[in-house]
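Novice: Got a sequence here, can you build the structure:
(one chain, ligands or ions: 1)
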Amino acid sequence: MLTVAVLISGTGSNLRALLEAAASPDFPARVVVVGADREADGFVHAEDFGIPTVLVPFREFETREQWGDELRRQIDVWTPDLVVLSGLMRLLPQGVVDAWAPALINTHPAYLPEFPGAHGVRDALAAGVAETGASVIVVDGGVDSGPILAQERVAVLPGDTEATLHERIKPVERRLLIDVVRGIATGEIDLDAVAATP
Ligand code: GRF
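Specialist: Numbering: from 1, shown residues only. So this is what the prediction gives:
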């Protein structure tokens with residue numbers, strides 16, 4: 001059974017989808033802890049499923065490195081096999097990425113390498129593209145630059161706002177995330193091999 005830590009900052013709707021999938025006895029992974037850099041609304045989903053939570057407020061630390069080290073220390077107590085960034089709106093310091101990679105994945109609401117960064121949906125709309133998408137990647141040292149594990153296109157519709165487009169992308173993100181976690185758990189996805197491929 002693959003054990004998973006999930007890190008969030010926001011509403012945690014992708015986290016909830018993963019928790020629901022993992023509640024099925026057939027699913028080969030379990031969420032063992034949910035962490036956040038702030039009082040995230042999404043903690044409620046962890047509580048609903050009886051999953052422990054870890055709050056390490058970014059603002060209480062002098063440096064990103066100190067925050068990251070403490071987050072890592074508290075998450076590693078649960079010895080997760082995989083760490084999922086599911087809407088964590090902070091860059092992890094390089095030392096933490098190095099410690100967890102390649103078992104460290106991120107979901108992103110755009111078709112990477114298009115529109116990386118914190119405003120992937122807004123940037124796609126501003127660019128006037130007809131299609132954007134969703135991606136699940138391995139986290140490396142860059143911003144949304146790691147190897148792509150799964151991705152799918154989503155159409156931009158006339159009249160879309162950032163909110164309506166994001167709400168259409170999120171179900172795709174959720175499906176991709178669940179598929180990728182299942183694939184890692186079954187061995188169908190070999191993260192060491194993916195990370196070693198140039
Ligand atoms: C997702 O689109 C994630 O990729 C992005 O923020 C959103 C998180 O949504 N960075 P939620 O907190 O899972 O509802």
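Novice: Quick check: the residue nearest to Leu92 when sequence neighbours are not counted vs Pro80, distance?
Specialist: Nearest non-adjacent residue to Leu92, counting by CB to CB, 6 or more residues apart in numbering: Gly68, 5.5 Å away. Yep, even glycine has a C-beta here, placed from its N, CA and C like the rest. Per CB to CB, to the nearest Å, Gly68 is found 16 Å from Pro80.
Novice: Go through the helix or strand bottoming out on mean pLDDT in the chain and flag the buried ones.
Specialist: Lowest by mean pLDDT, DSSP states H and E among the helices and strands of the chain is helix 191-196, with a mean of 91. By neighbour count with 16 or more other CB atoms under 10 Å, helix 191-196 contains the buried residues Leu191, Val194, Ala195.
Novice: same deal with stretch 159-173?
Specialist: In stretch 159-173, counting by 16+ other CB under 10 Å, buried: Asp160, Leu165, His166, Arg168, Ile169, Lys170, Val172, Glu173.
Novice: ok, which of the residues you listed also contact the ligand?
Specialist: Lys170, Glu173 (CB under 6 Å from any ligand atom).
Novice: Quick one: residues in contact with the strand or helix carrying Asn106.
Specialist: Using DSSP states H and E, Asn106 sits in strand 104-108. Residues from elsewhere that reach strand 104-108 (CB atoms under 8 Å, 6 or more residues apart in numbering): 14, 82-88, 92, 97, 116, 120, 134-139, 144, 146, 149, 173, 176-177, 180, 184, 191.
Novice: swap in stretch 185-198?
Specialist: Contacting residues not belonging to stretch 185-198 are listed as 1-2, 27-29, 101-103, 105, 138, 140, 146-147, 149, 180, 182-184 [CB under 8 Å, 6+ apart].
Novice: Tell me which of those fall in helices.
Specialist: Mapping those onto helices (DSSP state H) picks out Val180, Arg182, Gly183, Ile184.
Novice: need the helices for the chain, in chain order.
Specialist: Secondary structure of the chain (DSSP H): helices located at 13-22, 43-48, 64-76, 94-100, 120-127, 162-186, 191-196.
Novice: among the ones you listed, which is the most enclosed?
Specialist: Stretch with highest mean neighbour count among the helices of the chain: helix 13-22 (a mean of 21; mean count of other CB atoms under 10 Å).
Novice: Which strands and helices lie in contact with that one?
Specialist: Here helix 13-22 touches strand 2-8, strand 29-36, helix 43-48, helix 162-186, going by 3 or more CB pairs under 8 Å, 6 or more residues apart in numbering; DSSP states H and E.
Novice: which stretch among these comes nearest Pro57?
Specialist: Nearest to Pro57 among the helices and strands packed on helix 13-22 is strand 29-36; the distance by CB to CB comes to 8.6 Å.
Novice: Any idea how many residues pack against the closest residue to the ligand within the chain?
Specialist: Nearest residue of the chain to the ligand: Gly87, at 2.8 Å (CB to the nearest ligand atom). The tally of other residues near Gly87 (other CB atoms under 10 Å) stands at 24.
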